[in-house]
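[1] could you work out the structure for the sequence below:
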Amino acid sequence: TGRDGFKGFLAAAAILVPLLAASAFLADVVAADRPAARPLALAARLAVVFALFGVWRFFRLRYLLSRTRWRGVAPALDADFGAYARFARPLAALNALTLGLLTPWVWQRRQAWLIARMRLGGAPVSGTPDWRPLALPWLCVWGAAAVVANWAATQSLGLGPQSGRLQSGVVPA
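    Residues are numbered from 1 along each chain as shown. From the prediction side, this is the model:
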């Protein structure tokens with residue numbers, strides 16, 4: 001219902017606002033006089049947001065299953081958050097180490113883990129999502145993001161063609 005959605009929004013805001021405020025503090029105050037530390041502060045902010053996505057997925061699925069009935073039969077998720085976190089944490093670390101290239105495979109592994117712990121009444125739910133149809137579109141998105149990030153970094157460092165610097169970093173006399 002709308003009330004449930006609003007309560008979920010308030011709970012998410014109660015968690016997100018302090019975490020994002022703390023990461024903004026790190027980025028703006030602590031790293032202000034250290035330009036080399038700003039990318040690390042941004043990475044910390046992104047890590048917080050991405051970690052919360054995994055938390056959100058678990059609790060969202062559990063909530064939806066607890067509020068759903070199919071022909072009078074209630075589905076359920078037979079897993080606690082601790083077990084999910086122990087399973088998902090190494091996958092998130094692997095995804096971070098590959099700079100997000102493995103995202104479709106990681107998402108499929110997490111979803112398959114959740115599906116394996118779902119039941120409809122007393123019957124287990126089965127299914128195996130396939131990550132391969134997502135691989136090529138994801139690589140295209142990832143490649144486009146890499147090109148845009150490279151362009152943005154070049155512009156912010158003043159290495160563009162209008163900067164007066166050569167691309168090699170040598171400043172003409």
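[2] what packs against the helix ranked longest in the chain?
    Counting residues, the longest helix found in the chain (DSSP state H) is helix 38-66. Helices and strands touching helix 38-66, by 3 or more C-beta pairs under 8 Å, 6 or more residues apart in numbering; DSSP states H and E, are helix 2-25, strand 75-77, helix 81-97, helix 103-116. Every C-beta, even on glycine, is put in place using the N, C-alpha and C of the backbone.
[3] now render those as a markdown table, adding mean pLDDT, distance to residue 137 and mean neighbour count.
    Below are the helices and strands packed on helix 38-66 laid out as a markdown table (pLDDT from 0 to 100; distance: least, C-beta to C-beta, whole Å; neighbours: other C-beta atoms under 10 Å):
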| stretch | mean pLDDT | distance to residue 137 | mean neighbour count |
| --- | --- | --- | --- |
| helix 2-25 | 78 | 28 | 11 |
| strand 75-77 | 89 | 29 | 18 |
| helix 81-97 | 90 | 17 | 14 |
| helix 103-116 | 91 | 9 | 18 |
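[4] tell me which of those lies nearest to residue 35.
    For those, proximity to residue 35 was assessed by C-beta to C-beta; helix 2-25 is nearest, at 16.8 Å.
[5] give me the distance from stretch 135-146 to the chain's centre.
    16 Å (C-alpha atoms, centre = their mean, to the nearest Å).
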